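>>> Got a sequence here, can you model it:
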Amino acid sequence: MKKPYVFYTSPPDGPYPVGVRTEWVESRGRLMRLLVWYPALKVEGAEPYLFLNDKLGTAVAGSAVMDAPPDKSEAPYPLVVYSPGLTATADASVFYTQNLASHGYVVVSMDHLDANQLDLVVREGNWKNLVRFFPRMLKEFVIGNPSDTVLVMFTNHFRKTEFGLRYRPQEVRLAIDSAIEWNEDTSSPLHNLMDTDAIGLTGHSLGAWTALLLGGMTLKQYEGFYACGMDINQGCIADHDPCRTEFARSLESPHALRDERVKAILPMAPPIFHRRVSENAGEIKVPLLFLTGDDKRWEATVSRQKEVFYSAPPPKHFVFIQDTDHFVICDMLMKSRYVLNRLRPPKFKRHFHEKAQVYKDYSVAFFDLYLKGKEDAVEILRSSDRPFVRQAWCEL
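Residues are numbered from 1 along each chain as shown. As a prediction, the model looks like this:
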């Protein structure tokens, strides 16, 4: 491999040094990598770990030290689980996960089944769907409907996995189960490090939609809806409702994916696949914060995110970030030598560190308020006077 391009990401701004460790768990016959960021003791002379991605030709230089001893002086710390987007890896957003750890959180992220599968867009004959539905995809892009554009691009994957329902919620739940086991295991370095009664869930893109489902957004079926009788293998996948998939119909109830252990959810730019949003979003039972950009063509469809926000019960928050697209949260993409780096829109790199600060400030404030009970954190969530914050809505 050629020497990777190194991107020096936004540094953490919390009071704790950060450690990171790798754990492996078995998930349906494969080993799934989990990365754990946590408050750590300072290790003199230790170099921060360099996160490498061979397929992207990228390395992200963060601040976390691999296998640094945990700082248990103020443990237990709340647990936050991070689900990355489609094809993204557990270290896709180093600045985001390490910053939460520096503020007194244990953060667990994972390599989902689709991690690093950059060829999903053409795998298993999906190129035929790209040709067949290209006019539809072009139309959606022009009118600013990126969520449906992505569905068309990855048609075969979403058909095979039924919108990711067949593996992503289960893998997030496994990450939570594993963290609880480490916390109870006297032989683990993570023993008694976490407050497993204070669990938050966050995610980006497809991981954000997963967070909504585990936070209580339901999969209610509605007879008579125009797409409910369609075979998922027919027509354009974007016209189907995940509530009508075989997986959804097999659930004991529309609420079956809800994880009662999750106390707050922070989805970042989720594509909303539901065709009947309001009824399903009205079932969310935990505090909610959306962090999303305002780019109409390169960000998940904002109108559908707003529909979820309006339909969900309070407390709820929505932060709209100016001149921000879907990829800003992924610092692993910032310096790829391959074609993705050349095709990305101009806004992708501009003012990254200033925009990253928005993600850092509001995520910490949200989890401080709802997992640590720091009531003064609500002032940040109500504020829209930070650079690149276009709007901030707060309903308590």
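
>>> alpha carbons only for contacts and neighbour counts from here, please
OK.

>>> check which helix or strand covers the residue nearest to Asn126 when sequence neighbours are not counted.
Nearest non-adjacent residue to Asn126, counting by C-alpha to C-alpha, 6 or more residues apart in numbering: Asn156, 5.7 Å away. Using DSSP states H and E, Asn156 sits in helix 155-160.

>>> Outside of that helix itself, list whatever touches it.
If you take C-alpha atoms under 8 Å, 6 or more residues apart in numbering as the criterion, helix 155-160 is touched by 120-121, 124-126, 129, 151, 163-164, 232-233, 236-237.

>>> can you check stretch 319-329 too?
Contacts to stretch 319-329, defined as C-alpha under 8 Å, 6+ apart, come from residues 93, 96, 204-205, 269, 289-295, 298-300, 333, 347-349, 352, 355-356, 358-359, 388-393.

>>> Let me see the ranges of the helices in this protein.
94-102, 126-132, 134-143, 146-153, 155-160, 168-184, 206-214, 246-250, 277-281, 302-311, 339-343, 352-371, 378-382 (DSSP state H).

>>> worst average pLDDT in those?
Averaged per stretch, pLDDT over these is lowest on helix 339-343, reaching a mean of 50.

>>> one step back: look up how far Thr149 lies from the residue nearest to Asn126.
Look at Asn156 and Thr149: by C-alpha to C-alpha, to the nearest Å, they are 13 Å apart.

>>> Of the contacts of helix 155-160, select the buried ones using a ChimeraX command.
Buried members of the contacts of helix 155-160 can be picked out in ChimeraX with the line below, counting by 16 or more other C-alpha atoms under 10 Å:
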select :120,121,126,129,151,163,164,232,236,237
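
>>> Can you tell me which member of the contacts of helix 155-160 has the lowest pLDDT score?
Comparing these by pLDDT, Glu124 comes last, at 69.

>>> ok, now how distant is the residue most central in space within the chain from Arg28?
Among the residues of the chain, the one closest to the centroid is Gly203, at 1.7 Å (C-alpha atoms, centre = their mean). Using C-alpha to C-alpha, Gly203 is found at 22 Å from Arg28.

>>> And Glu260, how close does it get to Lys220?
From Glu260 to Lys220 the distance is 18 Å (C-alpha to C-alpha).

>>> neighbour count winner among the two?
Lys220 (19 against 12; other C-alpha atoms under 10 Å).

>>> that older thread, separate out the buried members of the contacts of stretch 319-329.
The neighbour count (16+ other C-alpha under 10 Å) marks 93, 96, 204-205, 269, 289-295, 298-300, 333, 348-349, 352, 355-356, 358-359, 388-389, 392-393 as buried among the contacts of stretch 319-329.

>>> Any chance of TSV for the helices of the chain, columns distance to Gly45?
Output for those, formatted as TSV (distance: least, C-alpha to C-alpha, whole Å):
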stretch	distance to Gly45
helix 94-102	19
helix 126-132	49
helix 134-143	49
helix 146-153	45
helix 155-160	45
helix 168-184	28
helix 206-214	36
helix 246-250	51
helix 277-281	49
helix 302-311	45
helix 339-343	34
helix 352-371	26
helix 378-382	36
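
>>> Going by residue numbers, what spans are strands in the chain?
Taking DSSP state E as the criterion, the chain contains strands spanning 5-8, 18-27, 30-39, 50-53, 58-61, 65-66, 77-83, 106-110, 194-204, 262-268, 288-293, 316-321, 389-395.

>>> Before I go, just wanted to say thanks for your time.
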